[in-house]
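# Next one to model:
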Amino acid sequence: MAIDTAVRSERDVLSGKRPFIRVTEVWVPGADGKLSLKDGLYGGLAEFEKVARETRFARDEGLPGKAWAQARPIVLKDLVGSYFKRGAAAEAAGLTCALAVPVFEGETLNAVLVLFCGEDRDHVGAIELWHTPEGSYEMALADGYYGTADVFEWTARHVNFMKGSGLPGQTWEAERPVVFADLRAPRFVRWEKAQEVGISRGIGIPVATPEPGVFVLTLLSALATPIARRFEVWSLEADGGLTLTDGFCERAGLLGAAPLRLGAGEGAVGAAAATGIPAVSADLSGEPDVIASAARIAGLATLVALPVYRDTGLAAVAVWYL
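As a prediction, the model looks like this:
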């Protein structure tokens, strides 16, 4: 099926579906040496948000603190019987799994982005963490969360990627976010299993850390429980501005051909680039026109902007919308 035809047929299916990611949080270090909540998207989970705003994490404490101390992304699938501090609140909110992504600029921690998922018998999609140890030529699955896509998870745990191969390998090679607009094609190594479970789109995001080796985060979106309705990659320009260089929207199709640009520090995406801290927005009408108009046309409500670093500094900002 052609991509534009798939877009038209999937609009109504995506509309109103519960997203794969239920909660997004941004934690930042403060003067007291602890992490505090800077911002978040809670989807109406007011009690869980209240607990978050009353919580602080020291280094190596709780999930954000562990990601800081270990200097690597962490997938935690036990929020009640583990070191996770807000277990009772998470259980009450129906949250069962979390991913913490530390954002390092060299040796300095700028923030920790935490994403929460919840159990659902229709819950299909994937958050994957891929890792290449220092000196290795292959990338293997370090951990992941797949909802009910058990067969797809088994496949992921039994495949490795060379640099340039598949979504993890291409992201490793590019050292910047890579969007796969259609996973139902041989370019995606696991395309047959992805098609079986309904996973259709994805983005690969390199995660820079002070630790040796390479980490790549992949977000794979399914039709019924989308991680995002729109993925974007904004690349840094010499003057500090950003240009849209890649992406996919369920309504607009492939992105990046039109010369869309944001000024330095403009909107949530520009702020993420300028500060090195992930940004969220729950009111896209207040964003710059290139964001607000596209969101209005596509019926998008929220965005998450994640700054992506490499050895030479900021490379791009990965953005996803619901």
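# Now do the helices in the chain.
3-14, 46-53, 62-70, 87-93, 150-156, 166-174, 191-197, 267-275, 289-298 (DSSP state H).
# Output the contacting helices and strands for the second one.
With contacts taken as 3 or more C-beta pairs under 8 Å, 6 or more residues apart in numbering; DSSP states H and E, helix 46-53 sits against strand 35-41, helix 87-93. (Glycine included, C-beta is placed from N, CA and C.)
# Of those, which stretch is the most buried?
strand 35-41 (a mean of 19; mean count of other C-beta atoms under 10 Å).
# before we move on, back to that, in CSV: the helices and strands packed on helix 46-53, plus distance to Ala316 and mean pLDDT.
Formatted as CSV, the helices and strands packed on helix 46-53 follow (distance: least, C-beta to C-beta, whole Å; pLDDT from 0 to 100):
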stretch, distance to Ala316, mean pLDDT
strand 35-41, 21, 98
helix 87-93, 31, 96
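# could I get those as a markdown table with distance to Arg261?
Shown next, in a markdown table, are the helices and strands packed on helix 46-53 (distance: least, C-beta to C-beta, whole Å):
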| stretch | distance to Arg261 |
| --- | --- |
| strand 35-41 | 25 |
| helix 87-93 | 39 |
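# how about these, which one is nearest Ile205?
Ranking the helices and strands packed on helix 46-53 by proximity to Ile205 (C-beta to C-beta) places strand 35-41 first, at 17.8 Å.
# who touches the closest one?
By C-beta atoms under 8 Å, 6 or more residues apart in numbering, the surrounding residues in contact with strand 35-41 are 23-30, 49, 52-53, 55-58, 64-65, 68, 111-112, 277, 279-280, 282, 302, 304.
# Please check those and keep the buried ones.
In the contacts of strand 35-41, burial by neighbour count holds for 23-29, 49, 52, 55-57, 64-65, 68, 111-112, 277, 279-280, 302, 304, counting by 16 or more other C-beta atoms under 10 Å.
# mind checking pLDDT for the spatially closest residue to Val75 that is not a sequence neighbour?
What sits nearest to Val75 in space, not counting adjacent residues and going by C-beta to C-beta, 6 or more residues apart in numbering, is Asp143, at 4.0 Å. Note for Asp143: predicted pLDDT of 94.
# Asp143 touches Leu129, doesn't it?
Yes - the criterion here is C-beta atoms under 8 Å, and Asp143 meets it with Leu129 at 5.0 Å.
# Which one's more surrounded, the two?
More crowded of Asp143 and Leu129, by other C-beta atoms under 10 Å: Leu129, with 21 against 16.
# That one: what's it in contact with?
Pro73, Val75, Leu99, Leu141, Ala142, Asp143, Gly144, Phe215, Val216, Leu217.
# still on that earlier bit, looking at the helices of the chain, which is nearest to Gly253?
That would be helix 3-14 among the helices of the chain, by C-beta to C-beta, at 5.4 Å.
# which stretches of this structure have low pLDDT?
1-18, 119-123, 183-198, 223 (pLDDT under 70).
# Go through the helices and strands packed on helix 46-53 and name the closest to Gly106.
Of all these, strand 35-41 sits nearest to Gly106, with 18.6 Å by C-beta to C-beta.
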